[in-house]
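>>> requesting a structural model of the entry that follows:
(one chain, ligands or ions: 1)
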Amino acid sequence: MSRLTSLPEWTKLSELAQAIKPAHMRDWFNDDPSRPEKMQAEACGLFLDYSKNRINDEALDALIDLARAQDFEARRDAMFNGSHINTTEGRAVLHTALRNFSADELHVNGEDVMPAVRNTLDKIRTFTEALHNGEYKGYTGKPLKQVVSIGIGGSFLGPKIMTEALKPYHQHAVDVHFVANVDGCHIKDVLAGLDHEETLVMMSSKSFSTQETLQNTQTAKQWFLDGGGKQEDIAKHFIAVSSNVKAATEFGIDEDNIFPMWDWVGGRYSLWSAIGLPISMALGYEHFEALLKGAHDMDTHFQEAPLKDNLPVLLGLLGVWYRNFFDAQSHVLLPYYHYLRGLPAYVQQLDMESNGKGVTQPGEVVDYATGPVIWGSEGTNGQHSFHQLIHQGNTLIPADFLLPLTVPNQDDTHHAMLASNCFGQSQALMQGKTFDECYADLSDSDMEASERERIAQHKTMPGNKPSNTLLFEKLDPYTLGSLVAMYEHKVFVQGVIWDLNSFDQWGVELGKVLGNQVLDGINGEQSADAFDASTQQLIDRFRARNAPE
Ligand SMILES: O=P(O)(O)OC[C@H]1O[C@H](O)[C@H](O)[C@@H](O)[C@@H]1O
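Numbering: from 1, shown residues only. Alright, predicted model coming up:
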């Protein structure tokens, strides 16, 4: 038995879950109309109603006890003060420093990192302004109007999804395009519509070793040269963000055009660094800074609010409750706001890459469930497809509903419908519909009693499906910053309880290595015995159709 599952707090939670499982939330709401007032929390522009959860005060307190038994507060402080909590790579985890506007020093390996953070923000501001006012010109003297941001994983999802989410705040000084996939269709499609004389290519790669990003940048470079640009003109049209300055300069990026990154910022936590430059380029620096400020305020809330009023803590504890004590395999995110449609994909990387682990910090294989599958899409679209399984399937899927109270250029008719669907879905999931109600609905039909029973059975909705609802005034940069930081810290809370290192990703690393080996196989540079028979068969079929010259 692991340390975690042998804790008395764990045993208590197992017992509480067994006692709670037969209860129906519908009855709780009937018995106690003040339940929603008691089960809510608010911070940094976000209001959370968590009353539609299969939880009571006793279980919530027991979850807090479990977090404390796992040394939650000390481990939270260790992250914020720059300790090397990424223990498999010997690194600090300080994305919070990137949005820290206090005058305090913050030391990593004896060095204050804050001057470099502030300098980089200045560089982002200066660069954005030069681009926006047309001062930053290409090799033929034309201002650069198109930006192609090339990166993948954390060097793509954060900038792309935040830029998309904040569309109403775009300044329209430049158009920002994103390319991630090594599938040549993507980069070719993007470049096809652009004039190389007006295009800035931004390569985002913390490691500067990611195959997809290197290849896409190479293709963009060739496109630039084919268009008439010369090697010496590349400095004006190519910039990079990387912690590997040597590799970036060797690749041909001018050293002055390299924005720094640091090994204490994980890829999936990097949108707050210069990796977020495309956000600033699309929205203007002021809005980028507001995004950071929202995140910073959430950091402060996470550090200071009592655990029972603490948004990331509450969400993290509820996640553990369902994952470990109700056997929930997945968690669905349902943003009811079109511009926020990318949030599930963003949180998917954040959560699944962080807590998709099966070994504890000391290196023991776990005997309990860890990170869930994260998925979802924008409401109301999902209501007409996968919500069916959430309502009536036999697997429990806790949900987060998200809704802005107002939207830009609001059409009141549309917005009221959007909100009513959002609230109606969480209500339906919680209440369900009983067999008797369904049977009564069929009273006017001329069905035989047995047929009426059969149909009523099919229509019965068990309900008792948990959800959180997050409301916010509007999705401005500040609120988006606090929302994303809230999910970052939720993931952290769960990683602490499960005793995981939430900051490495060895599985992904293996994929990178194997992908390169197979490429050698495809190019005939690797002997057949390097691969298993199935992989070799696939390589052979591919080579038969695409034999290298
Ligand atoms: O920025 P890079 O070094 O190119 O890395 C890009 C991505 O690579 C991997 O897939 C990691 O798992 C991600 O976390 C990272 O964001």
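>>> for residue 392, the count of nearby residues, please.
Using other CB atoms under 10 Å, residue 392 has 14 neighbouring residues. (Each C-beta comes from the backbone N, C-alpha and C, glycine too.)
>>> mean confidence score for stretch 4-20?
For stretch 4-20, mean pLDDT rounds to 98.
>>> quick one: distance of that stretch to the chain centre.
Taking CA atoms, centre = their mean, to the nearest Å, one finds the center of stretch 4-20 at 30 Å from the center of the full chain.
>>> what are the buried residues along it?
For stretch 4-20, burial by neighbour count (16 or more other CB atoms under 10 Å) applies to 4, 7, 9-10, 12-13, 16-17, 20.
>>> so which of those sit within strands?
Within these, no residue falls in strands by DSSP state E.
>>> which one of the residues you listed sits closest to the ligand?
residue 4 (25.8 Å; CB to the nearest ligand atom).
>>> let me see the contact set for the closest one.
Going by CB atoms under 8 Å, 6 or more residues apart in numbering, residue 4 touches 10, 70, 360, 366, 368, 497-499.
>>> repeat that for 7 Å
By CB atoms under 7 Å, 6 or more residues apart in numbering, the residues touching residue 4 are 10, 368, 499.
>>> would CSV of those residues with distance to the ligand be doable?
Compiled in CSV, the contacts of residue 4 are given as follows (distance: CB to the nearest ligand atom, whole Å):
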residue, distance to the ligand
10, 31
368, 24
499, 21
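>>> can you lay out the buried residues of stretch 4-20 as a markdown table showing distance to residue 284?
A markdown table is the format used below for the buried residues of stretch 4-20 (distance: CB to CB, whole Å):
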| residue | distance to residue 284 |
| --- | --- |
| 4 | 46 |
| 7 | 50 |
| 9 | 48 |
| 10 | 49 |
| 12 | 51 |
| 13 | 47 |
| 16 | 50 |
| 17 | 49 |
| 20 | 49 |
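>>> so residue 400 belongs to a strand, correct?
Yes: counting by DSSP: H, G, I helix; E, B strand; the rest coil, residue 400 falls inside a strand.
>>> beta partners of it?
Using DSSP bridges, the bridge partners assigned to residue 400 are residue 333, residue 468.
>>> burial check on it, number of neighbours?
Close neighbours of residue 400, defined as other CB under 10 Å, add up to 26.
>>> for it, what are its contacts?
333-334, 468, 470.
>>> top of these by neighbour count?
For the contacts of residue 400, neighbours were counted using other CB under 10 Å, and residue 334 has the most, 26 neighbours in all.
>>> would you confirm that that one contacts residue 382?
Yes: look at residue 334 against residue 382 with CB atoms under 7 Å: they come within range, at 6.3 Å.
>>> neighbours around the residue of the stretch 401-549 of the chain found nearest the ligand, how many?
At 3.6 Å from the ligand, residue 508 is the closest residue in the stretch 401-549 of the chain, using CB to the nearest ligand atom. Neighbourhood size, residue 508 [other CB under 10 Å]: 13.
>>> and the residue nearest the centre of the chain, backbone torsions?
What sits nearest the mean C-alpha location of the chain, by CA atoms, centre = their mean, is residue 347, with 2.2 Å. For residue 347, the backbone dihedrals (degrees, to the nearest 10) come out as phi -70, psi -30.
>>> how much space between it and residue 509?
In this view, residue 347 and residue 509 are 22 Å apart by CB to CB, to the nearest Å.
>>> quick one on the thing from earlier: closest to residue 145 among the contacts of residue 4?
For the contacts of residue 4, the residue nearest residue 145 by CB to CB is residue 499; the value is 50.0 Å.
>>> and the closest residue to that closest one other than its chain neighbours, what pLDDT?
For residue 499, ignoring the flanking residues on the chain, the nearest one in space by CB to CB, 6 or more residues apart in numbering is residue 360 at 4.3 Å. As summarised for this prediction, residue 360 has a pLDDT of 98.
>>> residue 360: neighbouring residues, count only.
Counted with other CB under 10 Å, the neighbours of residue 360 add up to 18.
>>> I figured it hits residue 367, correct?
No: applying CB under 7 Å, one finds residue 360 not in contact with residue 367, separated by 10.0 Å.
>>> low pLDDT regions in this structure?
Counting by pLDDT under 70, the chain contains low-confidence residues at 528, 548-549.
>>> can you list the residues of it near the ligand?
Counting by CB under 6 Å from any ligand atom, the chain comes close to the ligand at 151-155, 205-207, 210, 213, 267-268, 353, 505, 508.
>>> most neighbours among those, please name it.
Busiest of the residues of the chain next to the ligand [other CB under 10 Å] is residue 151, holding 31 neighbours.
>>> quick one: that one and residue 213 touch, right?
Yes: checked against CB under 7 Å, the pair residue 151 and residue 213 is within contact range at 5.5 Å.
>>> so what sits against both of the two?
The contact sets of residue 151 and residue 213 overlap at residue 205 (CB under 7 Å, 6+ apart).
>>> strands of the stretch 201-350 of the chain, start to end?
For the stretch 201-350 of the chain, the strands defined by DSSP state E, counting those that start in this stretch occupy 238-242, 258-260, 330-335.
>>> so which of those strands is the most packed in?
strand 238-242 (a mean of 27; mean count of other CB atoms under 10 Å).
>>> any idea which helix or strand carries the residue in the stretch 351-500 of the chain that the ligand sits nearest to?
Here the stretch 351-500 of the chain gets closest to the ligand at one residue, residue 353, 5.7 Å apart by CB to the nearest ligand atom. Per DSSP states H and E, residue 353 falls inside helix 343-355.
>>> what helices and strands are in contact with the helix or strand following that helix?
Sequence order places strand 373-376 as the next helix or strand after helix 343-355, per DSSP H and E. Judged by 3 or more CB pairs under 7 Å, 6 or more residues apart in numbering; DSSP states H and E, strand 373-376 is in contact with strand 330-335, helix 343-355.
>>> which one of those lies nearest to residue 316?
helix 343-355 (10.2 Å).
>>> and the closest one, how far out from the chain's middle?
Counting by CA atoms, centre = their mean, helix 343-355 is centred 4 Å from the centre of its parent chain.
>>> rebuild the strands of the stretch 201-350 of the chain as a markdown table, extending it with distance to residue 394.
Formatted as a markdown table, the strands of the stretch 201-350 of the chain follow (distance: least, CB to CB, whole Å):
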| stretch | distance to residue 394 |
| --- | --- |
| strand 238-242 | 46 |
| strand 258-260 | 50 |
| strand 330-335 | 13 |
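>>> what's the closest of those strands to residue 279?
Residue 279 lies closest, by CB to CB, to one member of these: strand 238-242, at 12.3 Å.
>>> for that closest one, what is the distance to the chain centroid?
Distance of strand 238-242 from the chain centroid (CA atoms, centre = their mean) equals 23 Å.
>>> pull up the pairing partners for it, direction included.
Strand 238-242 has its sheet partners listed here by DSSP bridges as strand 199-204 (parallel), strand 258-260 (parallel).
>>> can you show me the CA trace of that strand as PDB?
In PDB, the C-alpha atoms belonging to strand 238-242 read as follows (Å, rounded to 0.1, in the frame of the first residue of the first chain):
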ATOM      1  CA  PHE A 238      13.200  36.000 -38.200                       C
ATOM      2  CA  ILE A 239      13.100  36.200 -34.400                       C
ATOM      3  CA  ALA A 240      13.100  33.400 -31.800                       C
ATOM      4  CA  VAL A 241      12.200  32.700 -28.200                       C
ATOM      5  CA  SER A 242      14.500  30.100 -26.600                       C
END
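>>> pull the residues that contact it.
Contacts of strand 238-242 (CB under 7 Å, 6+ apart): 200-206, 208, 221, 248, 253, 257-259, 261, 274-275, 277.
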